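Undergrad: What follows is a predicted structure for the sequence shown.
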Amino acid sequence: MPRRVQDIIPGNRRSIRDIPVNSSEEQVSSVRTPARAEKKEKKHEDEQPIAIHREHIVKDEPEEEVVVQAPVKKPRKRKKFPWALSIIGVVVLLAGAGFFISSHFANATFTLVPKVLPVRVNGTYIIPSASGDSFGYEVMNLSGTSSTTVTATVGSYTETKAQGRITVYNAYSAQSQRLVAGTRLTAASGLIYRLTSSIVIPGYTKSGTTIIPGSISTTMIAEKAGADYNISRSDTISDLKIAAYKGTPKYTAFYARLANDITGGFVGTRTIVSPTLLASTTAQVQNDLITDLQSRLMSTVPEGYVMYPGVYAKSFGAPVVTSLSSKTANVSVNATLYGVMFKKVDLARFLGGASSTALFGSQGYTTPDIDAITFTLANQKDFSPLKKTNLAARINGSFELVGSIPVNTIKQAFAGVSLSKTRDVLKKYVSVIDLAQSTGEINPPWVGTVPSDQNRITIVIKTP
């Protein structure tokens, strides 16, 4: 059994230190000088005390549970992080996040100024009809009909036959075929017309396995008088056949088509319009019709082409007078307008010279104001676009050659490039861009790289 060890309390034995001092000595000691007291104090310290011995007594006592307490850990004092460092960290974090966000949503705007070369022209120029890749004028045509009502008088009874021009085709053989005057031609309606003169239709030719029929133009006249024989090219009609060939292979291989309207067929009392009134009315209707046709024609000019007012040729059909009543008649006029147009870049090269346009290199140029020059047809009477005669034009005015900037290509090259490197990109297009006047910026300004997203890149073309 374990034993408990206890200290023994010392007995009542006293040492010299415990010997009481008499009162007289106390009085003396009270008046001792500090030096003597200090000396006496030192003397007492040198004295050896009586040793006290401790005895260990072992007692049989019931076993007691010894409780051992775990040492208590003292809480560590947290070091206080300086507030200044905390604030700096937060600022750096926010600045980094802000920079990342602003870089991701940045926008870049570039203002590019194209190179411009002014051109001044004043003179008369001879321009041929376009042929292949060579410069020349091109033609667009438009036809129309206009009419008006005029006063008239009742004339005498009249019978006239309709007549007009046709084109006869030979798809039967390579040998020519002769048709005599009076040869009958039948329409799908059953009406019969006759050739006014003898003709020889050339034989067909071939291009590979394709047959190209031989053809010839001639005149035909209705077999009988009457308005029923009048035929317009705008009508939906079948080909005219040669009646003599019916039942043979030639019936489908020889045929005729209208070259112009078949008109003049009439039976009855005509309404007469005085020649003077008819002439003035016809002229007015023609002028109004040409003005309308010109407006409509110019609205259909293709992109990249220019058509100048007054530079055209025209043709008219004979006026047609139709009775409306015993006192009125309708005067109708048909006209075709041949508008002359030019490809802008080709006209600019012709007027400005090849050496000027070559300065823009492979990027090319545009001519936004070439429409504004004065362009007058000098040979109005002799000019015939159908015959492809040369056009003589008096041209006066100024226009500019403006470099063509490939916006999409440059935008693609800018994406993800530092702002300082964008000038190197533009140097590739120095033939069409004025670098000294072109500028670029990124928003926000502290972002130094053009966005990779091309939708965030804006290119503005500014003409000086």
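TA: Now that the structure is in, tell me what you want to look at.

Undergrad: From here on, just use CA atoms for contacts and neighbour counts.
TA: Fine.

Undergrad: the helices in the chain, which residues?
TA: Ranges of helices in the chain, per DSSP state H, are 23-31, 34-46, 83-104, 250-253, 275-298, 344-352, 354-357, 407-414, 422-426.

Undergrad: Please name the residues that touch residue 388.
TA: Residues counted as contacts of residue 388 (Cα atoms under 8 Å, 6 or more residues apart in numbering) are 128-129.

Undergrad: Could you report the distance from it to residue 140?
TA: 13 Å (Cα to Cα, to the nearest Å).

Undergrad: Would you confirm that residue 399 contacts residue 374?
TA: No. Residue 399 lies out of contact with residue 374 (Cα atoms under 8 Å); the separation is 10.8 Å.

Undergrad: So for those two, which residue has more residues nearby?
TA: Between residue 399 and residue 374, residue 399 has the larger neighbour count (other Cα atoms under 10 Å), namely 19 against 16.

Undergrad: What separation do you get for that one and residue 329?
TA: Look at residue 399 and residue 329: by Cα to Cα, they are 51 Å apart.

Undergrad: Same check on residue 297?
TA: Counting by Cα to Cα, the gap from residue 297 to residue 329 is 30 Å.

Undergrad: With residue 276 instead?
TA: 15 Å.

Undergrad: re the thing from before, between residue 297 and residue 329, which one's more packed in?
TA: residue 329 (22 against 18).

Undergrad: If we ignore the residues flanking it in sequence, what's nearest that one?
TA: residue 323 (4.4 Å; Cα to Cα, 6 or more residues apart in numbering).

Undergrad: check contacts around residue 297.
TA: Residues near residue 297 by Cα under 8 Å, 6+ apart: 140-142, 339.

Undergrad: what about 7 Å?
TA: residue 142 (Cα atoms under 7 Å, 6 or more residues apart in numbering).

Undergrad: What's the per-residue pLDDT of it here?
TA: On pLDDT, residue 297 comes in at 93.

Undergrad: do the same with residue 92
TA: For residue 92, pLDDT reads 54.

Undergrad: same thing with residue 51?
TA: Residue 51 is assigned 50 on the pLDDT scale.

Undergrad: Same check on residue 13?
TA: So, for residue 13, pLDDT stands at 49.

Undergrad: Check the one 5 residues further on too.
TA: Looking at residue 18, its pLDDT is 48.

Undergrad: Surely residue 114 touches residue 406?
TA: No. Using Cα atoms under 7 Å, residue 114 makes no contact with residue 406, being 10.7 Å away.

Undergrad: of those two, who's got more company?
TA: residue 114 (25 against 12).

Undergrad: what bridges to the more buried one?
TA: For residue 114, the beta-bridge partners are residue 433 (DSSP bridges).

Undergrad: give the contact list for it.
TA: So residue 114 contacts 402-403, 405, 432-434, 463 (Cα under 7 Å, 6+ apart).

Undergrad: what does residue 186 give?
TA: Contacts of residue 186 (Cα under 7 Å, 6+ apart): 192-193, 240-243.

Undergrad: What are the boundaries of the strands in the stretch 201-350 of the chain?
TA: Secondary structure of the stretch 201-350 of the chain (DSSP state E, counting those that start in this stretch): strands at 205-207, 210-212, 214-225, 240-242, 254-258, 266-272, 305-316, 320-323, 328-343.

Undergrad: Residue 330: neighbour count?
TA: Residue 330, neighbours per other Cα under 10 Å, totals 19.

Undergrad: do residue 328 as well
TA: For residue 328, the count of nearby residues is 18 (other Cα under 10 Å).

Undergrad: try residue 162
TA: Neighbour number of residue 162 under other Cα under 10 Å is 23.

Undergrad: just residue 207 next, same as before
TA: Neighbours of residue 207 (other Cα under 10 Å): 7.

Undergrad: now swap in residue 442 and tell me
TA: Residue 442: 19 neighbours (other Cα under 10 Å).

Undergrad: partner residues bridging it?
TA: With DSSP bridges as the rule, residue 442 is bridged to residue 108.

Undergrad: With residue 201 instead?
TA: Beta bridges link residue 201 to residue 177, judged by DSSP bridges.

Undergrad: how about it, what does it touch?
TA: Shown in contact with residue 201 (Cα under 7 Å, 6+ apart): 169-170, 176-178, 214-216.

Undergrad: could you measure it against residue 250, distance?
TA: 13 Å.

Undergrad: and what of residue 223?
TA: Residue 223 is 22 Å from residue 250, by Cα to Cα.

Undergrad: and what of residue 360?
TA: Shown here: residue 360 relative to residue 250, a distance of 62 Å by Cα to Cα.

Undergrad: Please say which of those two ends up with more neighbours.
TA: Between residue 360 and residue 250, residue 360 has the larger neighbour count (other Cα under 10 Å), namely 22 against 17.

Undergrad: wait, what's in contact with that one?
TA: Shown in contact with residue 360 (Cα under 7 Å, 6+ apart): 403, 431-432.

Undergrad: what do you get for residue 268?
TA: Neighbours of residue 268 in contact, by Cα under 7 Å, 6+ apart: 157-159.

Undergrad: One more pass at 6 Å, please.
TA: 157-158 (Cα atoms under 6 Å, 6 or more residues apart in numbering).

Undergrad: and what of the one 3 residues further on?
TA: Contact partners of residue 271, counting by Cα under 6 Å, 6+ apart, are 152-155, 323.

Undergrad: Max pairwise distance over these: which two?
TA: Farthest-apart pair in the contacts of residue 271 is 155 and 323; separation 10.6 Å (Cα to Cα).

Undergrad: Those two: which has the busier surroundings?
TA: residue 323 (21 against 13).

Undergrad: And the pLDDT for the residue nearest to residue 286 when sequence neighbours are not counted?
TA: In this structure, residue 286 finds its nearest non-sequential neighbour in residue 333, 6.7 Å apart by Cα to Cα, 6+ apart. Residue 333 is assigned a predicted lDDT (pLDDT) of 93.

Undergrad: Could you report the neighbour count for residue 333?
TA: Residue 333 has 21 neighbouring residues, counting by other Cα under 10 Å.

Undergrad: export the contacts of residue 360 to JSON lines and tack on neighbour count?
TA: Below are the contacts of residue 360 laid out as JSON lines (neighbours: other Cα atoms under 10 Å):
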{"residue": "403", "neighbour count": "27"}
{"residue": "431", "neighbour count": "21"}
{"residue": "432", "neighbour count": "26"}
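
Undergrad: Out of these, flag the one nearest to residue 416.
TA: Nearest to residue 416 among the contacts of residue 360, with distances taken as Cα to Cα, is residue 432, at 23.4 Å.

Undergrad: correct me, but that closest one touches residue 403?
TA: Yes. With contact defined as Cα atoms under 6 Å, residue 432 counts as touching residue 403 (4.3 Å).

Undergrad: now the lengthiest strand in the chain: how far from the chain's centre is it?
TA: For the chain, the strand reaching the highest residue count under DSSP state E is reported as strand 153-170. Per Cα atoms, centre = their mean, to the nearest Å, the displacement of strand 153-170 from the mean C-alpha position of its chain is 55 Å.

Undergrad: what angle sits between that strand and strand 214-225?
TA: Interaxial angle of strand 153-170 relative to strand 214-225 (axes from the mean of the first three to the mean of the last three Cα atoms, to 10 degrees): 150 degrees.
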